[in-house]
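[1] Got a predicted model here, sequence first, then my questions.
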Amino acid sequence: MRRIALLLVAVVMVASVVACMIPPSQHADGQTAPILGDKIPPGYRDWTLISVAREEGNLNDIRAKLGNDVAIKAYREGKLPFPDGTIIARLAWSYVPSEVNNKAFGRFQSFVAGPPKEKEGVQFMVKDSRKYASTGGWGYAQFNNGKPGNVAVQSSCLSCHSFVKDRDFVFTHYAP
């Protein structure tokens, strides 16, 4: 069992190194293509909920995945690969116990979303198969406190998403 865990860690590390070596997508003039530019998509908090997730370990958060109309249509139709124009947003909050709920239940059992995870900010996946051909057709963006995040962090996204290449690099299942 321990060997399998060490092998898995080694695979993730190698994939991360390979992802760091992949150049960002380029415009015809050779300039790096900005992902979403420097603006968060307007109205993204009104997008449809795709699903929620609970991450343990170092992340220790609760996440909501939201999709624009193109994403939701593709999810509902079971369409893979996702069409160009698909945008998926990830919001994350700290995972904290609810004193009020636990008091009502009479025991320690309830957890709720706490403060937003500022370090990770809001993340987006944008499908544009031509613009982001070198990263499976997806561009990745992160905004911290409303400002574009570190490009190096965005460049590392593909290393994890490669594990779900058969699902068009998208982890999240639709939970209607």
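    Cool, got the structure.
[2] List the buried residues for the strand ranked longest in the chain?
    The longest strand of the chain (DSSP state E) is strand 87-97. Across strand 87-97, burial judged by 16 or more other CB atoms under 10 Å covers 87-92, 95. (Each C-beta comes from the backbone N, C-alpha and C, glycine too.)
[3] other SSEs contacting that strand?
    Counting contacts by 3 or more CB pairs under 8 Å, 6 or more residues apart in numbering; DSSP states H and E, strand 87-97 packs against strand 48-55, strand 61-67, helix 69-77, strand 111-116, strand 122-127.
[4] Pull the distance from that strand to the chain's centre.
    Between the centre of strand 87-97 and the centre of its chain there are 10 Å (CA atoms, centre = their mean, to the nearest Å).
[5] Would you single out the least confident of the helices and strands packed on strand 87-97?
    When those are compared by mean pLDDT, strand 111-116 comes last with a mean of 84.
[6] Would you list the strands that it pairs with, along with their directions?
    strand 87-97 (antiparallel) (DSSP bridges).
[7] Can you get me a residue count around Arg45?
    Using other CB atoms under 10 Å, Arg45 has 12 other residues around it.
[8] Kindly calculate the angle that the longest strand of the chain makes with strand 48-55.
    Put simply, strand 87-97 runs at 40 degrees to strand 48-55, going by axes from the mean of the first three to the mean of the last three CA atoms, to 10 degrees.
[9] buried residues in the next helix-or-strand element following strand 87-97?
    Using DSSP states H and E, the helix or strand that follows strand 87-97 in sequence is helix 99-105. Within helix 99-105, no residue is scored as buried using 16+ other CB under 10 Å.
[10] contacting residues around helix 99-105?
    108-110, 112 (CB atoms under 8 Å, 6 or more residues apart in numbering).
[11] Now render the residues you listed as JSON lines, adding neighbour count and distance to Asp128.
    Output for these, formatted as JSON lines (neighbours: other CB atoms under 10 Å; distance: CB to CB, whole Å):
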{"residue": "Phe108", "neighbour count": "11", "distance to Asp128": "46"}
{"residue": "Gln109", "neighbour count": "10", "distance to Asp128": "44"}
{"residue": "Ser110", "neighbour count": "15", "distance to Asp128": "41"}
{"residue": "Val112", "neighbour count": "14", "distance to Asp128": "36"}
